[in-house]
Structure formats: C-alpha cells, structure tokens
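1. Need a 3D model of the following:
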Amino acid sequence: MKEDNKSRSGTNKRLVLLAGALAISLTLFVVAIFAVGGAGEVMRMLGITQDPVAVQPGPEVPGIPDPDVAQQPPGDPTVTPGVETTPSVDATPVSDPQEVPPTQEAPPSVTAAAFPVGSAQAAMYREQLQSQTQIGRLADNKIRSIAIGTAVTAGNRSQIPLTVTYRAGGSVSGTMQLASQEGLWYFLSITAAGGRDMGPRPRTVDSGVVNTIATQQGTAANQRLIREGLLQGGFRTARVDGVSKGAGSATVNVTLLGGTLDRQAARFVLISKEDSGRKYWFITRFELK
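-> Numbering: from 1, shown residues only. Okay, the predicted model is just below:
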C-alpha cells in the first residue's frame, strides 16, 4: 500500500512539473509573437477577430482671421478701399480743389481741423501756390500798402482780413490765413475776395522749398512778428517801401505802424521757383529789422 502511494505521488509531481514547463513555453511563445506581429497577430492566432472601425475625418475648422492683419476684399489685393495714404514730400501731388479755368479763381475754403503731422509742410506749400496772384504782386512791388484787420482764431487756424491797395490805383479786400502746428504759427495764404489763384502750377511738392518755408517760419523773429504784430493787433498797416530782388529771392521792405506797438521797419522775405516757364513765389518769413 505504501509503495502504491509513493508511486502515485511521484507521478503527480512529474505532471505538475510538465504543466509548468508547458505554461512557461506557451508564455514565451506568445511574447515572441507579440514582439514580431503585435497584439493583432496574437489575437489572430487565438482565433479572436475584430470588426474594422472606419475613422471619419472631423469637420474642417475655418481659419480665424488675424485682427492685426487687414482683410482684403475680393478683387485687386493691392487696393484697400477707404484708406488714404500720404505720399512722400519729394513727390506729393498738388491737387486742385476745383477745376476752374486759369483766368478764374475758386472760392477760398477754411478748415478748422488740425493739420496731419505728416502733411503740414506740404499743405503750406499748396496754400502758397494757390495765393500766387497776390504773392506775385507783392514780389513785383505792385502793392502800395496792406491794411490789417482783427484776427479771428478758431482752433489751429487764424484769419486776418486785409485791404490791399495797389500802386497803379484801386484796392481789393482779402484774407490772410495763418496756421498753428506744434505751438508755432505759420503763414498759409493771402487771397483776394474773389478766391484763390487757380492758374497752372507744379503738380508735385518741391522738398527744398518746403524745408525752407518750415525752417524760416519757425524762427523766433518770425514767430514774434506773427504773434505780437498780427494775432495780437500790434500793427494795423504794412506800408511797402520797396522791393529788392536777387537770384531766386526777393526782400519786401515795409514799415509797420498803427495798433498797440510802435512803428517798426520790417521785411518780408520771399524765394522763387520756376516750373514749366512760370515763376512761383513763396513767402518764407516775416521779421523786424
């Protein structure tokens, strides 16, 4: 009996060892198959199948426009409606406010809004071009005297009524316009009551003339005469004593009198520019002698 028990015990131990060896072998086999073919290969060998799953692409997400980038409308991508650009001073077109025959004058306009910083100098140039009739007569010594009225200032603009008396006889009423830019006052225009000179004139801004006007009108002497003599009523009459001309320049010698200041000798300095056979005059500064 004892021998039979020992025989069965030995047989059981051998079966356990054999089963363990088979389990280890199977595990190693599965690991090897997984390493080579992946989980799909193991499942295929075990008879496990999977239904294919179709991957549907999601809806396309529309692009979000960059708020810092202007969106162009359909059509020409180089044109942005409603946006004006400021050309450079060296080639700034001089636009006509109205198309008027050369022998006529357009009515003057007054704009109370401040000059854009980038176009202030070009605006002074344009305004003087539209004042060529009276500035030219001043340079040619055709004006005997100028009666100066009370300045009316609104915002950065000031208008001063004038009465111009000519040497050949007769007189005409007109207006001088001044403009303030960054705390300084500048001469803009002088026009008769009929309006501005709309004759032929240059189509581009001369940067040399513009720089001269801006620099010389910003001097202390020019600012003093404009503020004390014109805006504050220091002088009521400018008597033209004579004009001396040089190469491309003219000095108008005047006597300023009346008003709250004592009589003073002064000068108006002008420079000229020739374009297409015509000479254009520009007032660069006023100063006391």
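2. Please make it C-alpha for all contacts and neighbour counts, starting now.
-> Fine.
3. Residue 258 and residue 234 touch, don't they?
-> Yes. Checked against Cα atoms under 8 Å, the pair residue 258 and residue 234 is within contact range at 7.3 Å.
4. Among the two, which residue is more densely surrounded?
-> More crowded of residue 258 and residue 234, by other Cα atoms under 10 Å: residue 234, with 21 against 17.
5. element containing that one, please.
-> Using DSSP states H and E, residue 234 sits within no helix or strand.
6. any idea how far it is from residue 289?
-> Counting by Cα to Cα, to the nearest Å, the gap from residue 234 to residue 289 is 16 Å.
7. Low-confidence regions, the stretch 1-150 of the chain specifically.
-> 1-119 (pLDDT under 70).
8. Kindly report the domain assignment for this protein.
-> 1-46, 89-288 (automatic domain parsing).
9. Confirm that residue 284 lies within a strand, as I assumed.
-> Yes. Under DSSP: H, G, I helix; E, B strand; the rest coil, residue 284 falls within a strand.
10. what residues are up against it?
-> By Cα atoms under 8 Å, 6 or more residues apart in numbering, the contact list for residue 284 reads 212-214, 216-217, 268-271.
11. make it 10 Å
-> 186-187, 209-218, 222, 268-271 (Cα atoms under 10 Å, 6 or more residues apart in numbering).
12. go on, residue 237?
-> 145-149, 162-163, 254-259, 263.
13. hmm, 8 Å instead?
-> Listed by Cα under 8 Å, 6+ apart, the contact set of residue 237 reads 145-148, 256-258.
14. again, but for residue 283
-> Contacts of residue 283 (Cα under 8 Å, 6+ apart): 128, 135, 187, 213, 268-271.
15. For it, name its beta-bridge partners.
-> Bridge pairing for residue 283 (DSSP bridges) gives the partners residue 270.
16. swap in residue 288?
-> Beta bridges link residue 288 to residue 266, judged by DSSP bridges.
17. before we move on, what about residue 204?
-> In this entry, residue 204 is beta-bridged to residue 93, by DSSP bridges.
18. Let's see the pLDDT reported for it.
-> Per-residue confidence for residue 204 comes out at a pLDDT of 80.
19. List only those of the contacts of residue 237 flagged as buried.
-> Among the contacts of residue 237, those classed as buried by 16 or more other Cα atoms under 10 Å are 145-148, 256-258.
20. Relative to residue 202, which of the residues you listed is nearest.
-> residue 146 (28.2 Å; Cα to Cα).
21. Wait, that closest one touches residue 254, no?
-> No. Residue 146 is beyond contact range of residue 254, at 10.0 Å (criterion: Cα under 8 Å).
22. where do the helices sit along the stretch 151-289 of the chain?
-> Using DSSP state H, counting those that start in this stretch, the helices of the stretch 151-289 of the chain run over 207-217, 220-224.
23. Same question for the longest one: list its buried residues.
-> When you say that, I think you mean helix 207-217. Residues 207, 209-214, 216-217 are the ones in helix 207-217 that count as buried (16+ other Cα under 10 Å).
24. need the contact list for residue 125.
-> Contact partners of residue 125, counting by Cα under 8 Å, 6+ apart, are 205, 209-210, 282.
25. my guess is it is in a strand, correct?
-> No. Assigned with three-state DSSP, residue 125 falls outside any strand and is helix.
26. Against residue 162, how distant is it?
-> Residue 125 is 21 Å from residue 162, by Cα to Cα.
27. end to end, how far does stretch 238-257 reach?
-> End-to-end distance for stretch 238-257: 7 Å, by Cα to Cα.
28. which parts of that stretch are buried?
-> 238-243, 249-257.
29. Pick out the most distant pair among those.
-> The span of those, defined through Cα to Cα, is set by 249 and 257 at 25.3 Å.
30. Mutual contacts of residue 146 and residue 254, please.
-> 238-240.
31. Narrow those to those in strands?
-> Among the shared contacts of residue 146 and residue 254, the ones falling in strands (DSSP state E) are 238-240.
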